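*Asks:* Sequence and predicted structure are below.
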Amino acid sequence: MRRPVPTSPIALASLKDYLGILLVDLGKPDEALEVHKSAITIGEQLSKKYPDMPKYASDLSGSYTNLGGVLRRTGKSDEAMEAFTKAFTIREQLSKEHQDVARYASDLANSHNHLGAV
(Lines give C-alpha, C1' and ligand atoms only; values in the text may rest on other atoms or scores of the structure.)
Protein backbone atom coordinates (compact mmCIF):
# COMPACT_ATOMS: atom_id res chain seq x y z
CA MET A 1 0.00 0.00 0.00
CA ARG A 2 1.36 3.37 -1.01
CA ARG A 3 1.55 6.04 1.68
CA PRO A 4 0.39 9.57 0.89
CA VAL A 5 3.00 12.25 0.32
CA PRO A 6 2.93 14.91 3.06
CA THR A 7 1.09 18.01 1.97
CA SER A 8 1.90 20.31 4.88
CA PRO A 9 4.96 22.44 4.15
CA ILE A 10 6.63 21.66 7.49
CA ALA A 11 6.23 17.92 6.94
CA LEU A 12 7.53 18.22 3.39
CA ALA A 13 10.60 20.20 4.50
CA SER A 14 11.32 17.65 7.21
CA LEU A 15 10.95 14.79 4.76
CA LYS A 16 13.34 16.50 2.36
CA ASP A 17 15.94 16.92 5.11
CA TYR A 18 15.74 13.21 5.94
CA LEU A 19 15.94 12.34 2.26
CA GLY A 20 19.05 14.51 1.92
CA ILE A 21 20.71 12.67 4.80
CA LEU A 22 19.83 9.34 3.19
CA LEU A 23 21.20 10.47 -0.18
CA VAL A 24 24.54 11.37 1.42
CA ASP A 25 24.66 7.93 3.02
CA LEU A 26 23.99 6.42 -0.42
CA GLY A 27 26.92 8.34 -1.90
CA LYS A 28 24.81 10.88 -3.79
CA PRO A 29 25.93 14.24 -2.35
CA ASP A 30 24.91 16.30 -5.39
CA GLU A 31 21.33 15.08 -5.11
CA ALA A 32 21.46 15.65 -1.35
CA LEU A 33 22.50 19.27 -1.88
CA GLU A 34 19.49 19.94 -4.08
CA VAL A 35 17.09 18.30 -1.64
CA HIS A 36 18.49 20.26 1.33
CA LYS A 37 18.25 23.50 -0.66
CA SER A 38 14.61 22.69 -1.37
CA ALA A 39 13.99 22.14 2.36
CA ILE A 40 15.62 25.51 3.06
CA THR A 41 13.35 27.25 0.56
CA ILE A 42 10.29 25.84 2.31
CA GLY A 43 11.73 26.67 5.75
CA GLU A 44 12.48 30.26 4.76
CA GLN A 45 8.93 30.70 3.47
CA LEU A 46 7.46 29.31 6.69
CA SER A 47 9.75 31.41 8.90
CA LYS A 48 8.77 34.58 7.06
CA LYS A 49 5.07 33.78 7.05
CA TYR A 50 5.00 32.70 10.71
CA PRO A 51 7.75 34.64 12.53
CA ASP A 52 6.15 33.86 15.91
CA MET A 53 6.59 30.11 15.41
CA PRO A 54 10.09 29.28 16.70
CA LYS A 55 9.81 25.67 15.53
CA TYR A 56 9.91 26.83 11.93
CA ALA A 57 13.08 28.84 12.53
CA SER A 58 14.61 25.95 14.45
CA ASP A 59 13.86 23.52 11.64
CA LEU A 60 15.29 25.98 9.13
CA SER A 61 18.52 26.15 11.12
CA GLY A 62 18.67 22.36 11.01
CA SER A 63 18.27 22.44 7.23
CA TYR A 64 21.15 24.91 6.95
CA THR A 65 23.25 22.67 9.19
CA ASN A 66 22.49 19.64 7.02
CA LEU A 67 23.39 21.60 3.89
CA GLY A 68 26.63 22.79 5.48
CA GLY A 69 27.55 19.23 6.37
CA VAL A 70 27.18 18.05 2.79
CA LEU A 71 29.09 21.05 1.48
CA ARG A 72 31.92 20.44 3.95
CA ARG A 73 32.15 16.77 2.98
CA THR A 74 32.35 17.69 -0.70
CA GLY A 75 35.20 20.15 -0.14
CA LYS A 76 33.16 23.33 -0.53
CA SER A 77 34.42 24.96 2.65
CA ASP A 78 33.39 28.54 1.86
CA GLU A 79 29.84 27.51 1.04
CA ALA A 80 29.74 25.27 4.11
CA MET A 81 30.83 28.18 6.29
CA GLU A 82 28.04 30.31 4.82
CA ALA A 83 25.41 27.64 5.55
CA PHE A 84 26.73 27.02 9.07
CA THR A 85 26.79 30.78 9.72
CA LYS A 86 23.14 31.08 8.71
CA ALA A 87 22.26 28.23 11.07
CA PHE A 88 24.30 29.88 13.82
CA THR A 89 22.56 33.24 13.37
CA ILE A 90 19.10 31.66 13.61
CA ARG A 91 20.08 29.58 16.62
CA GLU A 92 21.67 32.52 18.39
CA GLN A 93 18.45 34.50 18.01
CA LEU A 94 16.31 31.58 19.18
CA SER A 95 18.46 31.01 22.26
CA LYS A 96 18.22 34.70 23.18
CA GLU A 97 14.46 34.90 22.65
CA HIS A 98 13.66 31.55 24.29
CA GLN A 99 16.12 31.13 27.15
CA ASP A 100 13.78 28.62 28.76
CA VAL A 101 14.20 26.15 25.86
CA ALA A 102 17.34 24.11 26.48
CA ARG A 103 17.31 22.65 22.98
CA TYR A 104 17.97 26.06 21.44
CA ALA A 105 21.05 26.55 23.62
CA SER A 106 22.22 23.04 22.74
CA ASP A 107 21.69 23.69 19.03
CA LEU A 108 23.67 26.92 19.34
CA ALA A 109 26.57 25.03 20.92
CA ASN A 110 26.32 22.53 18.05
CA SER A 111 26.60 25.43 15.59
CA HIS A 112 29.78 26.62 17.31
CA ASN A 113 31.24 23.15 16.75
CA HIS A 114 30.30 23.13 13.08
CA LEU A 115 31.82 26.55 12.48
CA GLY A 116 35.01 25.44 14.22
CA ALA A 117 35.26 22.31 12.09
CA VAL A 118 35.22 24.07 8.72
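*Replies:* Okay, I see it. Numbering: from 1, shown residues only.
*Asks:* What segments of this protein are helices?
*Replies:* Secondary structure of the chain (DSSP state H): helices at 9-25, 29-49, 54-73, 77-97, 102-117.
*Asks:* can you tell me which of those the model trusts least?
*Replies:* Comparing mean pLDDT across the helices of the chain, the weakest is helix 9-25, with a mean of 92.
*Asks:* That helix to helix 54-73, inter-axis angle?
*Replies:* 20 degrees (axes from the mean of the first three to the mean of the last three CA atoms, to 10 degrees).
*Asks:* Buried residues of helix 9-25, list them for me.
*Replies:* The neighbour-count check on helix 9-25 (16 or more other CB atoms under 10 Å) flags 10, 13-14, 16-17, 19-21, 23-24 as buried. (C-beta placed from N, C-alpha, C; glycine too.)
*Asks:* For stretch 26-38, give me every contacting residue.
*Replies:* 16-17, 19-21, 23-24, 63, 66-67, 70-71, 73-74 (CB atoms under 8 Å, 6 or more residues apart in numbering).
*Asks:* And for the nearest residue to Gln93 once chain neighbours are set aside, the neighbour number?
*Replies:* Excluding the flanking residues, the one nearest Gln93 by CB to CB, 6 or more residues apart in numbering is Ala57, at 7.5 Å. When counting by other CB atoms under 10 Å, one arrives at 23 neighbours for Ala57.
*Asks:* surely Ala57 meets Leu94?
*Replies:* Yes - the pair Ala57 / Leu94 is scored as a contact, 5.9 Å apart, by CB atoms under 8 Å.
*Asks:* Show me what counts as buried in stretch 26-34.
*Replies:* So for stretch 26-34, counting by 16+ other CB under 10 Å, buried means 29, 31-33.
*Asks:* cool, stretch 82-94 as well?
*Replies:* 82-88, 90-92, 94.
*Asks:* a markdown table for these, including distance to Tyr50?
*Replies:* A markdown table is the format used below for these (distance: CB to CB, whole Å):
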| residue | distance to Tyr50 |
| --- | --- |
| Glu82 | 25 |
| Ala83 | 22 |
| Phe84 | 24 |
| Thr85 | 23 |
| Lys86 | 18 |
| Ala87 | 19 |
| Phe88 | 21 |
| Ile90 | 14 |
| Arg91 | 18 |
| Glu92 | 20 |
| Leu94 | 14 |
